[in-house]
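A.B. asks: Need a 3D model of the sequence below.
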Amino acid sequence: MTRVYLSLGTNLGDRETQLRKAVGLLQESFGLFALSGLWETEPWGRVRQPPFLNLALGLEVSGSIEAFFSHIQAIEQRLGKRRDGFWAARNIDIDLLFWGHEHYRSPHLLVPHPYWHQRAFVLKPLLEIAPLLNPGGKNLPFWLRRCEAEDPSVAARRVGQLEGISLPPPTPLSYEELEAQGVILKGIAGVDARQGLAREGRIPWELPEDRSFFREQTRDGILCLGRKTMESLPHAFAPEERELWILSRNASSCDRFPAALVFHHPRELRDVRTPKNIWICGGGEVYAQFLPLCSEIYLTQLAADYNCDQFLDPSWRKLFSEMRCLKRNPHDAVWYYRRLGE
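C.D. replies: Now for the predicted structure:
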């Protein structure tokens, strides 16, 4: 199956009804796994037109790209698309943005879409549903900032959600999928004598040696943490040479770390292509979701009990073998675990 992203738009007639029909027809033939909200924008290319209503969606598709392209053209024709030239007013427009991570060129089809990075009405809905995409080696916030800097007048505003379309439950992400993608997740955590992680949302210990070990291990990598953990970081914390990814169900940006990528569900890692290590570093809910997807775990075991009220779920241990103790002193020990079968 190939993960495919489309942009849909219309500025004629009952715009929401047209989009609902188009999404419904796509869902009949392919696996719809993501659907953005509705975004309104002024017309791009020709300005003497009504405003457009746009959305982005993700499909899982089997078969060839040419067969898929013919299918979406047939849907446009079924919905009565008028072909009056580039950038003309239209009752439906379905653009193929990305076909996995592949590049494709034919006399009538270019993928990725040649204008995807120039259009806020493509980038903003896409960022909603695929925040970890990094086409051209740059993340979507980078492309959006560049797009808005080049033409600040081209704005897109979110105006609601398309009603009447339901998404199936997300398919759980597996370690084998990430391994096939070449994506490497590693866990790093510190726990007290009772496997406690935090007390009242904060790490209740201060160990300079552990902080130095964390910095050294995660250097040049990606730190992946939950929103609450991010909010609990000391004000002196700086990502330095690391990228920061924040898992949050609701937030779309992070004021404290403007360069951070915010994503919403582990399944979005299916879009990731990076040679960097992704370090899972808290809190408890994030560890529970992501440690089973890791290849290695570094665990600092403290000797004292810090009266924690949040604990590390021990279920990950079934998937890992304890390999060796990396360092030990009277206050703590650092243990290295590797996934069974690796």
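A.B. asks: Helices of the stretch 151-300 of the chain, residue ranges please.
C.D. replies: 175-181, 208-218, 227-232, 284-290 (DSSP state H, counting those that start in this stretch).
A.B. asks: of all those, which lies closest to Gln310?
C.D. replies: helix 284-290 (4.8 Å; CB to CB). C-beta coordinates here come from the backbone N, C-alpha and C atoms, glycine included.
A.B. asks: Could you dump the helices of the stretch 151-300 of the chain into TSV and include mean pLDDT, distance to Glu268 and mean neighbour count?
C.D. replies: Converted to TSV, the helices of the stretch 151-300 of the chain look like this (pLDDT from 0 to 100; distance: least, CB to CB, whole Å; neighbours: other CB atoms under 10 Å):
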stretch	mean pLDDT	distance to Glu268	mean neighbour count
helix 175-181	94	12	14
helix 208-218	89	21	14
helix 227-232	88	15	18
helix 284-290	94	12	19
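A.B. asks: For Leu55, which of these is the nearest?
C.D. replies: helix 227-232 (25.5 Å).
A.B. asks: Dump the C-alpha coordinates for that closest one into CSV.
C.D. replies: Provided in CSV are the C-alpha atoms of helix 227-232 (Å, rounded to 0.1, in the frame of the first residue of the first chain):
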residue,chain,number,x,y,z
ARG,A,227,3.1,18.3,25.6
LYS,A,228,3.0,18.0,29.4
THR,A,229,6.6,16.9,29.5
MET,A,230,7.6,19.9,27.3
GLU,A,231,5.8,22.3,29.6
SER,A,232,7.6,20.8,32.6
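A.B. asks: Which one, of the helices of the stretch 151-300 of the chain, ends up nearest to Ala120?
C.D. replies: helix 227-232 (25.5 Å).
A.B. asks: Centre of the chain to the closest one, how far?
C.D. replies: 18 Å (CA atoms, centre = their mean, to the nearest Å).
A.B. asks: Next, count neighbours for Lys318.
C.D. replies: By other CB atoms under 10 Å, the residues close to Lys318 number 8.
A.B. asks: ugh, wrong one, I meant Phe69
C.D. replies: Based on other CB under 10 Å, the number of other residues close to Phe69 is 18.
A.B. asks: packing partners for the helix or strand containing Phe142?
C.D. replies: Using DSSP states H and E, Phe142 maps to helix 140-150. With contacts taken as 3 or more CB pairs under 8 Å, 6 or more residues apart in numbering; DSSP states H and E, helix 140-150 sits against helix 120-129.
A.B. asks: Give me the spatial nearest neighbour of Leu312, chain neighbours excluded.
C.D. replies: Distances taken as CB to CB, 6 or more residues apart in numbering place Gln195 nearest to Leu312, at 4.8 Å, with adjacent residues excluded.
A.B. asks: Lovely, talk soon.
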